[in-house]
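K.L.:
give me a 3D structure for the following:
(chains A and B)
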Amino acid sequence: MSDPAAHEAANGPRDAASASGSWVRARRSLWRAKWPLGALVLLLAITFAAIFGPSVAPRDPNRQNIIMRLKQPMQTDRRGQNTFFMGTDGLGRDVFSRLLYGARVSLTVGVVAVLVGGSIGTFLGLVAGYFGGWLDALVMSLADIQLAFPFILLAIMFLLVLGPGVVNLILALGIGQWVTYARIARGQTIAQREKEYVEAARALGQGHAGILVTGILPNILAPLIIIASFNVASVILAEAALSFLGLGVPPTVPSWGGMLAESRDQLLAGHWWLAVFPGAAIMLTVLAFNILGDWLRDFLDPRLTAAG
Amino acid sequence: MALLSRRLLQSLFVIAGVTVITFITLHLGGDPTYLYVSERASEAEISATRAKLGFDQPLGVQYLRFAEGLVHGDLGDSLIYRTPAIGVVLERFPATLELTFCAMLIALALGIPLGVLAALNHGRPLDGGIMLLALLGQSIPSFWLGLLLILSAGLKFRWLPISGRVPLLEPLFAGDFAVAWSNLPHALPYLAMPSLTIAFFSMARTARLVRSSMLEVLSQDYIRTARSKGLSNYRVIVHHALRNAWLPVITMLGLEFGFLLSGVVVVETVFSWPGVGRLVFNAINHRDIPLVQASVIMFSLVFVSLNLAVDLLYARLDPRIRLR
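P.N.:
From the prediction side, this is the model:
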């Protein structure tokens, strides 16, 4: 990582020429403060939709209504009472209600899969880094194998054999994530292993498990949390792609990826709202996690920001 | 040479790992015979299929037979096409490679200049704009971008065709350069939307990587030396900074290529591109396990060999690696 001073020196003439380094810094901090805040608000709203979806959704997301099929957004029903805020799909189901329900699948799968993968990876990384030897070699060569081929393909095989469903999605995507955590946890653990506090704990007779959990783990958590935030974003994208391929949740459960898959048949007829809204929901959720990840990195690990 | 043999061995190890994992996955759901027969199949039909496919044998024997078949290029017959699965996959491979290469080209051609531009304008609005674009690129689901492109550039403005393909690589592989050359202008419009869709994510990642790598290089002493020697800005950036900022980008290329390949599965489906991706999609819908398996293994083989090639290239470009 480059240090900011050297940076300043290299870019000196131009930065000085702008004659307002403080203005740049102020704007940058504003930029950084504004976006994460927006991302957080957005994520809270999506979480709210995921938890309370059934009570806030205007309609039953699976209720079909052939008379009201393929209504454009903001159209009302015949009595002019209920507005279909985001229109209806080919079976006359309310797109907005389905969108609210869909938040459930995306968020649950994204967060739980990362928790599963993160826990497995962190555990293996801690153990491998702490004990070293053949255990370390074994874990790291497993990691190399997994990194050497695109995991989404294996997830496809896995879901095809085990069938669709939230639990299988979480397993397929979660297991794919452990490598990153294992590598980082291992590297950090090796760096911590020889520190005085570990030796002190050992001298006081604390067992390996105790040292790992109460000593080392809290000290290596920051980079893992940063990775986790970005990771939720990429898992949500992968889940949407798998649902789009028909490998996600069963068709009776509304999901964003599934809605996009259904929209494909209506696309040529120009029913744009069926594709635009669920896709935007995915993008905004992923964007929010990415922005939050950037901010967490700045906040938790200032060393990483120097190089941008 | 030591590096070469070590990496070759490692690649073989990885490929063996891939086959073990696909094999285990196939058996995760219990007796795989049920994946091959229809739901209405009688008990006699099921046991006949089981015996024919060898699923009544012990697992170890089954794996050895599977591995033996793999070495001979035999991964069973596709259930849809009733011909060897590997042949069906190979037939579609040129279309996928074409798309992936094209996407890679776009990602690099846009990502590298954008990253350099952002680094040179560090902290200024242009940098912010490019980083915002990169953030968007990493957040948009590729297939959604594809759908949006179809809606706008395809259906509304009618700039580009929304599906179809004119073959480029097949005539090239057949040694027919004239045909490939004359096909080129007709092929590009079909390639444009799908490859841009796949490229967008990688472009964003490349831009971010080049930017941070450039920023790091720009702060080094030799850049200051070059500047103080009075070299032109252009010379400093192109000959001194970019040359060194390249290295992390090259390491990433292999992984990125694999990433593009897996993005292809979804995007090919969106654009009805006649490659392996759409084949996998159809195979999924028809539960054609041998075909999915063959595709996964083929993708992994390509991915592993590309990574191998990239590593060797890297070792050539960066003498420090060879010393280790």
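
K.L.:
list the helices and strands the host helix or strand of B:Leu64 packs on?
P.N.:
Taking DSSP states H and E as the criterion, B:Leu64 maps to helix B:59-71. Counting by 3 or more C-beta pairs under 8 Å, 6 or more residues apart in numbering or on different chains; DSSP states H and E, the packing neighbours recorded for helix B:59-71 are helix B:2-28. C-betas here are computed from N, CA, C, even on glycine.

K.L.:
just the angle for the helix it packs on relative to helix B:59-71, thanks.
P.N.:
Here the directions of helix B:2-28 and helix B:59-71 differ by 130 degrees (axes from the mean of the first three to the mean of the last three C-alpha atoms, to 10 degrees).

K.L.:
roughly how far out does helix B:2-28 sit from the chain middle?
P.N.:
Averaging C-alpha positions (C-alpha atoms, centre = their mean, to the nearest Å) puts helix B:2-28 18 Å from its chain's average.

K.L.:
wait, A:Thr122 sits on A:Ala182?
P.N.:
Yes. Here A:Thr122 reaches A:Ala182: they are 7.4 Å apart, a contact under C-beta atoms under 8 Å.

K.L.:
how many residues are close by residue 49?
P.N.:
All of this is about chain A. 19 (other C-beta atoms under 10 Å in any protein chain shown).

K.L.:
other chain: chain B
P.N.:
Residues contacting B:Thr49 under the criterion other C-beta under 10 Å number 15.

K.L.:
over to A:Met86?
P.N.:
Neighbour count for A:Met86, taken as other C-beta under 10 Å: 21.

K.L.:
distance check, it against B:Leu147.
P.N.:
With the distance defined as C-beta to C-beta, to the nearest Å, A:Met86 ends up 16 Å from B:Leu147.

K.L.:
repeat that for A:Phe131.
P.N.:
In terms of C-beta to C-beta, A:Phe131 sits 49 Å off from B:Leu147.

K.L.:
the more surrounded of the two?
P.N.:
B:Leu147 (26 against 15).

K.L.:
for that one, which non-adjacent residue is closest in space?
P.N.:
Leaving aside its chain neighbours, B:Leu147 sits nearest to A:Ala275 (4.5 Å; criterion: C-beta to C-beta, 6 or more residues apart in numbering or on different chains).

K.L.:
where in the chain is pLDDT low?
P.N.:
Just so you know, I chose chain A. For chain A, applying pLDDT under 70 flags the ranges A:1-33, A:68, A:70, A:74, A:76-84, A:149, A:301-308.

K.L.:
not quite, I wanted chain B
P.N.:
B:1, B:262, B:318-324.

K.L.:
which residue does it bring closest to chain A?
P.N.:
Nearest residue of chain B to chain A (C-beta to the nearest C-beta) works out as B:Trp144 at 3.4 Å.

K.L.:
secondary structure element holding that residue?
P.N.:
Secondary structure from DSSP H and E places B:Trp144 in helix B:142-149.

K.L.:
do the same with B:Asp311
P.N.:
Using DSSP H and E, B:Asp311 falls within helix B:289-317.

K.L.:
quick revisit: state the distance from the residue of chain B closest to chain A to B:Trp273.
P.N.:
Counting by C-beta to C-beta - B:Trp144 and B:Trp273 are separated by 17 Å.

K.L.:
which helices and strands does the longest helix seen in chain B pack with?
P.N.:
Ordering each helix of chain B by length in residues (DSSP state H) puts helix B:177-218 first. If contacts are counted by 3+ C-beta pairs under 8 Å, 6+ apart, helix B:177-218 sits against helix A:4-10, helix B:85-120, helix B:125-137, helix B:142-149, helix B:169-173, helix B:243-271.

K.L.:
single out the most deeply packed of these.
P.N.:
The highest mean neighbour count among these, using mean count of other C-beta atoms under 10 Å in any protein chain shown, belongs to helix B:142-149: a mean of 25.

K.L.:
outside of that one, which residues touch it?
P.N.:
Contacts with helix B:142-149, where a contact means C-beta atoms under 8 Å, 6 or more residues apart in numbering or on different chains, come from A:240-241, A:244, A:260, A:263-264, A:267, A:275-276, A:279, A:282-283, B:160, B:193-194, B:196-198, B:200-201, B:263, B:266-267, B:269-271.

K.L.:
what comes up buried for stretch A:162-178?
P.N.:
For stretch A:162-178, the neighbour count (16 or more other C-beta atoms under 10 Å in any protein chain shown) marks A:162, A:164, A:166, A:168-178 as buried.

K.L.:
export those to a markdown table and tack on distance to chain B and secondary structure?
P.N.:
Converted to a markdown table, those look like this (distance: C-beta to the nearest C-beta, whole Å; DSSP: H, G, I helix; E, B strand; the rest coil):
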| residue | distance to chain B | secondary structure |
| --- | --- | --- |
| A:Leu162 | 5 | helix |
| A:Pro164 | 11 | coil |
| A:Val166 | 17 | helix |
| A:Asn168 | 10 | helix |
| A:Leu169 | 14 | helix |
| A:Ile170 | 15 | helix |
| A:Leu171 | 10 | helix |
| A:Ala172 | 10 | helix |
| A:Leu173 | 13 | helix |
| A:Gly174 | 15 | helix |
| A:Ile175 | 10 | helix |
| A:Gly176 | 11 | coil |
| A:Gln177 | 15 | coil |
| A:Trp178 | 14 | helix |
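
K.L.:
what's the closest of those to B:Leu97?
P.N.:
A:Gly176 (24.6 Å; C-beta to C-beta).

K.L.:
just to check, the closest one is in contact with A:Met157?
P.N.:
No. Using C-beta under 8 Å, A:Gly176 makes no contact with A:Met157, being 11.8 Å away.

K.L.:
residues from the stretch 151-300 of chain B in reach of chain A?
P.N.:
Residues of the stretch 151-300 of chain B lying near chain A by C-beta under 8 Å from any C-beta of the partner chain: B:151, B:155, B:211-212, B:215-216, B:218-220, B:223-224, B:255, B:258-259, B:261-262, B:265-266, B:269-270, B:280-281, B:284-285, B:287, B:289, B:292-293, B:295-296, B:299-300.

K.L.:
just the buried ones from those residues, in PyMOL syntax?
P.N.:
Of those, the buried ones can be selected in PyMOL as follows, counting by 16+ other C-beta under 10 Å:
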select buried, chain B and resi 151+211+212+215+216+218+219+220+223+224+255+258+259+261+262+265+266+269+270+280+281+284+289+292+293+295+296+299+300
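
K.L.:
assign whichever residue of the stretch 201-308 of chain A sits closest to chain B to helix, strand or coil.
P.N.:
In the stretch 201-308 of chain A, the residue that lies nearest chain B is A:Gly279 (3.4 Å; C-beta to the nearest C-beta). Three-state assignment for A:Gly279 (DSSP: H, G, I helix; E, B strand; the rest coil): helix.

K.L.:
which ones are touching it?
P.N.:
By C-beta under 8 Å, 6+ apart, the residues touching A:Gly279 are A:Trp256, A:Leu260, B:Ile140, B:Pro141, B:Trp144, B:Leu147, B:Leu148.
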